[in-house]
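Student: predicted model and sequence follow; I will ask about them next.
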Amino acid sequence: MNPVSEVLVPGLTFGSLYALVAIGFNVLYRPTNVLNFAQGDLVMVGAMLMAATGLGGLPWPIALVCVVVVVGLVALLEERLAVAPVLRRSSHAAGWVITTLAFSLVLSQVAGRIWTAEPRSVAPPEPLSLRPIDLLGLQISSYQLVVIGVVVVLVVALELGNRTRFGCAVRAVAADRDAARLQGIRPDRIGRISFLAGGALAGLAGVLAAPLLLASVTMGFGLLIRGFFAAIVGGVGDHRGALVAGWLLGVVEAAGARYVSPGMQTAVLFGVVVVVLMVRPTGLRRAGGVLRHV
């Protein structure tokens, strides 16, 4: 495999997964001003459920729908138990940092009880394969192409969704919850729907990640950190920025593994994130950003 394929292909593939986690952050953050630190473990639950349903013999499309729905409902439960009580007292309270972390720990512990620590492999759906093919001089598998394509299509769909009535309601809540309430918009209802959607995206990320990464109860933290980096570097609330940042971080990580050391790729990634945020504190695509006071 040529050096470009060794860096660009895994960079774009895993960068798409990081972007998908970041988009989950964005979907939740816009109407609630909450960064869900349980997002990584929601992805883990999605991957483990995919491994379990796949081994149980369910067809891929049915397993995908089941996983997305279940993880979305788990995220909705998190909103009811860990986030809504905090926001009910004050929409600017930061107690959600502790409560979402606590929910993440509960998810991790429950998953550890249900599944063993042994990683599980998941085969991609037929006719897709992880076997590399030659495409314009790059060695890339059909499944990797689909993962990148799915995330790109999702970003386009979300950007178009911002122009719908619901998208306008989300923007109104993001701008001013009290003013939106006076216009007949229910911020708590928008928040519940956003958590359901964010959980569904986490479930989708877990499903897509399962064939590329061994599904394991410990995979959530690494994806949480990388997804959080992509959200911050791309500009919190900016889906296109999350995609660009995810790809950038994926390529940087792959280049670090290829040209520095596989054991140093995370340090290289962290260093690049620090440099980018020193130059553009509000993210790559935003001068003002969407990030509000926490």
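Tutor: Done, it's in. Residues are numbered from 1 along each chain as shown.

Student: can you pull the poorly scored residue ranges out of the stretch 1-150 of the chain?
Tutor: 1, 54-56, 90-93 (pLDDT under 70).

Student: just the strands from it, written as ranges.
Tutor: 132-135, 138-141 (DSSP state E, counting those that start in this stretch).

Student: make CSV out of these and add distance to V152.
Tutor: Placement of C-beta: from N, CA and C, glycine included. Listed next are the strands of the stretch 1-150 of the chain as CSV, based on distance: least, C-beta to C-beta, whole Å:
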stretch, distance to V152
strand 132-135, 16
strand 138-141, 15
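
Student: can you say which of those is nearest to V68?
Tutor: Among these, the nearest to V68 by C-beta to C-beta is strand 138-141 (23.0 Å).

Student: that older thread, ranking the strands of the stretch 1-150 of the chain by burial, who's on top?
Tutor: Mean neighbour count, computed with mean count of other C-beta atoms under 10 Å, is highest for strand 138-141 among these, reaching a mean of 18.

Student: can you give the contact residues for it?
Tutor: Strand 138-141 has contacts (C-beta atoms under 8 Å, 6 or more residues apart in numbering) with 1-2, 4-5, 8-9, 13, 128-133.

Student: convert the C-alpha atoms of it to PDB, please.
Tutor: Extracted in PDB, the C-alpha atoms of strand 138-141 (Å, rounded to 0.1, in the frame of the first residue of the first chain):
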ATOM      1  CA  LEU A 138      -6.000   4.500  -3.400                       C
ATOM      2  CA  GLN A 139      -6.500   1.200  -1.700                       C
ATOM      3  CA  ILE A 140      -9.900   1.500   0.000                       C
ATOM      4  CA  SER A 141     -12.600  -1.000   0.800                       C
END
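
Student: partners of it in the sheet?
Tutor: strand 132-135 (antiparallel) (DSSP bridges).

Student: hmm, who's touching the partner strand?
Tutor: Residues from elsewhere that reach strand 132-135 (C-beta under 8 Å, 6+ apart): 1, 139-142, 145.

Student: kindly reformat those residues as TSV containing distance to A169.
Tutor: As requested, those are arranged in TSV below (distance: C-beta to C-beta, whole Å):
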residue	distance to A169
M1	48
Q139	45
I140	40
S141	40
S142	39
L145	35
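
Student: and which of the residues you listed is nearest E79?
Tutor: Once C-beta to C-beta is applied, the member of these that ends up nearest E79 is L145, at 34.3 Å.

Student: how about the closest one: what's its closest non-neighbour residue?
Tutor: Distance criterion C-beta to C-beta, 6 or more residues apart in numbering; nearest residue to L145, sequence neighbours excluded, is L135 at 7.6 Å.

Student: next one: V34
Tutor: V34's closest residue in space is W96 (C-beta to C-beta, 6+ apart), at 4.8 Å.

Student: ok, now which ones touch the one you found?
Tutor: 34-35, 82-83, 86-87.

Student: now distance to Y18 and neighbour count too, for those, in a markdown table please.
Tutor: Putting the contacts of W96 into a markdown table (distance: C-beta to C-beta, whole Å; neighbours: other C-beta atoms under 10 Å) gives the following:
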| residue | distance to Y18 | neighbour count |
| --- | --- | --- |
| V34 | 20 | 27 |
| L35 | 15 | 20 |
| A82 | 24 | 23 |
| V83 | 23 | 24 |
| V86 | 27 | 18 |
| L87 | 27 | 20 |
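
Student: closest to G220 among those residues?
Tutor: Closest to G220, out of all of the contacts of W96 and judged by C-beta to C-beta, is L35, at 15.2 Å.

Student: could you say what helices and strands the strand or helix carrying L196 packs with?
Tutor: Using DSSP states H and E, L196 falls within helix 187-209. When contacts are defined as 3 or more C-beta pairs under 8 Å, 6 or more residues apart in numbering; DSSP states H and E, helix 187-209 packs onto helix 3-32, helix 39-55, helix 60-78, helix 84-89, helix 142-161, helix 165-175, helix 177-182.

Student: check those helices for me and report the most buried one.
Tutor: Greatest average neighbour count among the helices and strands packed on helix 187-209 goes to helix 39-55 (a mean of 26), per mean count of other C-beta under 10 Å.

Student: roughly how far out does it sit from the chain middle?
Tutor: 13 Å (C-alpha atoms, centre = their mean, to the nearest Å).

Student: and stretch 45-62, by the same measure?
Tutor: 19 Å.

Student: likewise stretch 150-164?
Tutor: 15 Å.

Student: and C66, how far from R80?
Tutor: Going from C66 to R80 by C-beta to C-beta, to the nearest Å gives 21 Å.
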